[in-house]
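> Quick one, fold the following:
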Amino acid sequence: YGLRLRHSRRPHPGSRLCAGTPFAVSSPSVMSIRLFFLAALAGTVLLSCTETGDSEADRMANEHEGERPTATEAARAPTIPVTADTVTYTTGAEGRPVVGYTAAPTHPDSVLAARGEDPASARLPGIVVIHEWWGLNDNIRTATRRLAGEGYRALAVDLYEGATARTADSARALMQRAMRQPDRMQANLHAADEHLRTDAGAPRVAVLGWCFGGGRTFDAVATAPQRYDAAVAYYGAPAAMTEDVLRQTTTPLLAHFGRKDQAISLEAARDFEARFADAGAEGRVYLYDAGHAFANPSGESFRPNDTR
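Here you go, the predicted structure:
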């Protein structure tokens, strides 16, 4: 994945992304309350999940028709040694355990010391990682390790509760099933956030996702505007991010869209960009000359040269 947290193009005039720091901030005073992570949202703003979820899944299916998630040499290893493992972080249907995938620097004290923090008292920030519509597969595990290699404690959630897809048809079915249970998905994400904060001691937690996960990143901000300390969404459906939500949330937001994306149209991206600016939201919105899934090295739409 192209896990971009900073760019030079089209910055929104509300914030800056600091190289060498663990999150996006606008000023030291804002940093103390947000530090690049997602915050809670008030009010119910999600559209009908059955209707919206099915149409969103259908658009995704058209974009991914004939594709299969296959690892390529473009998937990159983490920049520093990391340690990864599975973890049970919540329960799902009928009380069955939900197993995610967690990764963190093998030597966290060295990372903290390099940032000028005291390893005796400081802890690594966390990231809730939300998979694409294929599910929690090897591709997402690779991306999670890469995030850990940037100095985070990353937890990849499993919103499909054990299922993964190998074809567009099966991915559409899994996505539609999950979208019909929005409360369960949000409870899943909340549990991951709590796991990182409580069990792992993360002082700040962000949420990040691609494709299906990008849309759920927006939903997470819309349903809990102050829970997270930052959010990063790649080509996700932004319908939940109304102007009211954007005014309410304290979460700095980084959003990436492709101008040629047929699943998340240019019109939808432009409308979101306009709402974002009108609300004075903190963060940045980027548009690239690329289609859907441009940051996914396991798909046929990977476009690293068009999205630098």
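
> Specify the beta-bridge partners of the spatially most central residue of the chain.
Centroid-nearest residue in the chain, with CA atoms, centre = their mean: L208, separated by 1.6 Å. L208 has these beta-bridge partners by DSSP bridges: V129, V232.

> Which pLDDT value belongs to it?
On the pLDDT scale, L208 is placed at 98.

> Look up how far A93 lies from it.
25 Å (CB to CB, to the nearest Å). Placement of C-beta: from N, CA and C, glycine included.

> Name the SS class of the nearest residue to S301 once chain neighbours are set aside, please.
Leaving aside its chain neighbours, S301 sits nearest to A293 (4.2 Å; criterion: CB to CB, 6 or more residues apart in numbering). Look at A293: counting by DSSP: H, G, I helix; E, B strand; the rest coil, its state is coil.

> A293 against K260, yeah?
No - using CB atoms under 8 Å, A293 is not in contact with K260; the gap is 11.2 Å.

> out of the two, which sits in the more crowded spot?
Neighbour count, other CB atoms under 10 Å: between A293 and K260, A293 has more, with 28 against 16.

> give the contact list for that one.
With contact set as CB atoms under 8 Å, 6 or more residues apart in numbering, A293 has these partners: E63, H64, E132, W210, C211, Y235, G299, S301, F302.

> so of those, which ones are in helices?
E63 (DSSP state H).

> can you pull the contacts of T83?
Here T83 is in contact with A103, A104, P105, T106 (CB under 8 Å, 6+ apart).

> Just confirm the first one is within a strand.
This means A103. Yes - assessed by three-state DSSP, A103 belongs to a strand.

> Quick check, it in contact with L147.
Yes - using CB under 8 Å, A103 is in contact with L147, at 7.2 Å.

> Which neighbours do the two have in common?
A154.

> Helix or strand with the lowest mean pLDDT in the chain?
helix 28-33 (a mean of 37; mean pLDDT, DSSP states H and E).

> which stretches of the stretch 101-250 of the chain form helices?
Secondary structure of the stretch 101-250 of the chain (DSSP state H, counting those that start in this stretch): helices located at 108-114, 138-148, 168-179, 182-194, 212-223, 243-248.
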